[in-house]
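*Asks:* Would you be able to build a 3D model of this:
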Amino acid sequence: MKFSQAVELFLNFKSKELAERTIKEYRKDLSIFKELIGDKEVEEIKTSDIMIFRGSLNCSPSLINRRLSALNSFFNFLVDMEVIKNNPVKKSLRIRKVKQKVPEALSYEEVNKVFQAARKRCYRDYLMVKTILFCGLRISELLSLNKKDIVTAKGRKVLRVVGKGGKERFIPLPEDFSRELETYINSLDGEKLFPLTYQGAKYIFNRIAEETGVKLHPHKLRHTFATILVDRGVDIRIIQAFLGHASPNTTARYAKVRDDVMFKVADKVFSSVG
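*Replies:* Numbering: from 1, shown residues only. So this is what the prediction gives:
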């Protein structure tokens, strides 16, 4: 099987479980490999080809590791499908020490500036910013939200979020914020809460950044959410349950995080924000 054919097989299979943006990144990384090595038969690709590819990359260590990770996932898939016998990507090819930049969080003053600028644009943009900040969402999670994802549990409104790998978690909504969302939802015609593409959302964040002078991107809001919780002394295991860094059910069982604890945290922490 040719490399290009195997790539399409891999991406079609993965498209059912991964975000569209992740699929695009996989396609780009695999395309760069194909441009260098050629459209070989996948059975003929050796570790030496991977080494040549790694040596040709003129980018950051983290991006090199991401591209090697894409190849690793691709060849593991082919092994599972019994297209090839062995994965030519070896662990020793990874750059082991990658300096991780500590993500910056917005100050309370910057949060207020961002909220004010977003509200001036339109109510949708304001709630988009607020939903990420109050719920700690990834941008892909935000853009996939539908009306039906706001559900009632134990008499309270909860946001159902499908994260990486299709993992599901439930985020308790502060009462005032849940009412804002319900008012907004009643004004919508379609099912999507925020009917935007990733590029469309990115454009909005860029405009808000220009208007406020605040360096802003969606993940910075997610990190601000986590930083606010840490600053208020919230247990790190509860924060993990909110962010969905691990299976929420597994984390909740291990940490004995109860629903009512998360409700209290959501109300106490964010009732005075914005």
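
*Asks:* for the record, mean pLDDT for stretch 48-67?
*Replies:* The pLDDT scores in stretch 48-67 average 90.

*Asks:* er, stretch 177-196 I mean
*Replies:* What stretch 177-196 shows for mean pLDDT is 92.

*Asks:* So which residues make contact with it?
*Replies:* 123-124, 127-128, 130-131, 134, 142-143, 145-150, 156-157, 173, 201, 204, 270 (Cβ atoms under 8 Å, 6 or more residues apart in numbering). (Glycine included, C-beta is placed from N, CA and C.)

*Asks:* Show me which of the residues you listed are buried.
*Replies:* Using 16 or more other Cβ atoms under 10 Å as the burial test, the contacts of stretch 177-196 include 124, 127-128, 130-131, 134, 142-143, 145, 149-150, 156-157, 173, 201, 204, 270 as buried.

*Asks:* all helices for the stretch 151-274 of the chain, in order.
*Replies:* Here the stretch 151-274 of the chain has its helices, by DSSP state H, counting those that start in this stretch, at 175-185, 198-212, 218-231, 236-243, 248-255, 259-270.

*Asks:* right, and the ones you listed - which one's nearest residue 73?
*Replies:* Closest of those to residue 73 is helix 198-212, at 21.1 Å (criterion: Cβ to Cβ).

*Asks:* mind listing what's buried in that closest one?
*Replies:* 201, 204-205, 208-209, 211-212.

*Asks:* Which of those sits closest to residue 111?
*Replies:* Checking the buried residues of helix 198-212 against residue 111 by Cβ to Cβ gives residue 212 as the nearest, at 10.4 Å.

*Asks:* ok, residues contacting the helix or strand containing residue 53?
*Replies:* Using DSSP states H and E, the element containing residue 53 is helix 47-56. Contacts with helix 47-56, where a contact means Cβ under 8 Å, 6+ apart, come from 32-33, 36-37, 40, 64, 67-68, 71, 88-90, 93.
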